[in-house]
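here is my input; please provide its structure:
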Amino acid sequence: MEQFIQDYMNMLKLERNLARNSLESYQRDLNQYHNFLQKKLNIKSVRNVTLGHIRSYIRYLNDKDLAANSVKRAVSSIRTYHNFLSAEGFMQDNPAQLLETPKVPKKLPNILTVQEIDAILSIIPDNGPMALRDLAIFEMMYSCGLRVTELCDFKTADILWTYNKSDHNSPIDETEMIRVKGKGKKQRFVPIGPIARENLENYLKKERESLKCKNPNVAEVFLSRNGRKLTRMMIWILLKKWTNAADIYKEVSPHTLRHSFATHLLEGGADLRSVQEMLGHADITTTQIYTHLDKEHLKEVHRTYHPRFD
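Numbers count the residues shown, from 1 in each chain. You can find the predicted model right below:
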């Protein structure tokens, strides 16, 4: 059965152009699925799988008290896997054809207020070790709405303003855009605000050059103390450090900054289509969840127009 998984993963890599994290999730889901089929149901060939077997696996996942989104993702992986096997002629019938997708209750994302964002960014000292880097990281994530992977993969070539040849540290144009490589290697161009740009330039001038000496060929902008590209986990740790320092103890992740970016733009009057473009969402319905977060605006509309507020 392992060969079927490998064939399927090769198809995803070549034809679907999925991000590495998505590929790893598919691989993990299918390995667990095959393990259940072999050890729990004693099924040695995927050709013998029925809809009943798949439903048994879904019940098994539900019994483990997994998050609803995790179960939904596993079901999606299994369905597309069996679709592939059927289309390629590895299976005569597709047992997942009538598989129901679990309904997941819509959960509104956590956000930070503008005041909480300010508190985190202002607590980072100007002269602390790696402080310029940390400030540039979180200013950029909030200013540009970046995913954590997009920030880690951000390269010097993705900075779109040019510099004076005689003084590489002095920009000669006012372009405030960066290039972002998103999911599926799709590129988009995102504005960067003047405060985030200034912090990025300070880091490039005053910290990155010394870090780069330890690893001259590194292309990524944000580096560790040993000159290597920062990992997603490092960004998590840094954000936790500075949110705790700012006495903010709500559940915060790097994606919270992205949620806050979108919510604050919509609260300020930005149109949904522009926010979708900046976030790199393929489907505008993904962006629409942020419209549910503008509670103050909804309350104001209700107060203004409902007859019982006269």
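
local confidence estimate at the closest residue in space to Asn21 that isn't next to it in sequence?
In space, and not counting its chain neighbours, Asn21 is closest to Thr149: 6.7 Å by CB to CB, 6 or more residues apart in numbering. C-beta coordinates here come from the backbone N, C-alpha and C atoms, glycine included. According to the prediction, Thr149 has pLDDT 93.

now do the contacts for the most centrally placed residue in the chain.
Centroid check for the chain by CA atoms, centre = their mean gives Arg147 as the closest residue, at 4.0 Å. Arg147 is in contact with Gly182, Lys183, Pro254, His255, Arg258, Gly280, counting by CB atoms under 8 Å, 6 or more residues apart in numbering.

find the nearest non-adjacent residue to the third one, please.
Across the structure, with CB to CB, 6+ apart as the measure, the residue nearest Pro254 apart from its sequence neighbours is Val148 (4.0 Å).

ramachandran coordinates for that neighbour?
In terms of degrees, to the nearest 10, the main-chain angles of Val148 are phi -60, psi -40.

so it sits against His255, correct?
Yes - counting by CB atoms under 8 Å, His255 is a contact partner of Val148 at 6.9 Å.

for the two, indicate the residue with more neighbours.
Val148 (22 against 14; other CB atoms under 10 Å).

spit out the contact partners of Phe154.
Contacts of Phe154 (CB under 8 Å, 6+ apart): Met140, Leu146, Ile178, Val180, Glu220, Val221, Phe222.

on the pLDDT front, check it for me.
96.

repeat that for Ala96.
At Ala96, the pLDDT value in this model is 90.

would you list the phi and psi of Ala219?
Torsion angles, degrees, to the nearest 10, at Ala219: phi -100, psi -20.

return the distance of it relative to Met130.
Ala219 sits 19 Å away from Met130, going by CB to CB, to the nearest Å.

ok, those two, which is more surrounded?
Higher neighbour count among Ala219 and Met130: Met130, with 16 against 12, using other CB under 10 Å.

and the contacts of stretch 254-272?
Outside stretch 254-272, the residues within contact range by CB under 8 Å, 6+ apart are 109-112, 114, 117, 138, 141-148, 151, 232, 235-236, 239, 274-275, 278-279, 284, 287-288, 290-291, 293-294, 296-297.

list only buried entries from those residues.
Those of these that meet the buried threshold are 109, 111-112, 117, 138, 141-148, 151, 235, 239, 275, 278-279, 287, 290, 293-294, by 16 or more other CB atoms under 10 Å.

so which of the contacts of Phe154 are in helices?
Among these, the members falling in helices (DSSP state H) are Met140.

I'd like the list of the contacts of Phe154 that fall within strands, please.
Among the contacts of Phe154, the ones falling in strands (DSSP state E) are Ile178, Val180.

could the contacts of Phe154 be laid out in TSV, adding distance to Gln97?
Formatted as TSV, the contacts of Phe154 follow (distance: CB to CB, whole Å):
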residue	distance to Gln97
Met140	45
Leu146	39
Ile178	44
Val180	38
Glu220	44
Val221	47
Phe222	46
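
please identify which of the contacts of Phe154 is nearest to Asn42.
Within these, distances to Asn42 taken as CB to CB reach their minimum at Leu146, with 47.0 Å.

for the residue nearest to Pro254, what are its contacts?
The contact partners of Val148, by CB under 8 Å, 6+ apart, come to Met141, Arg232, Ile235, Trp236, Pro254, His255.

no further queries at this time; thank you.
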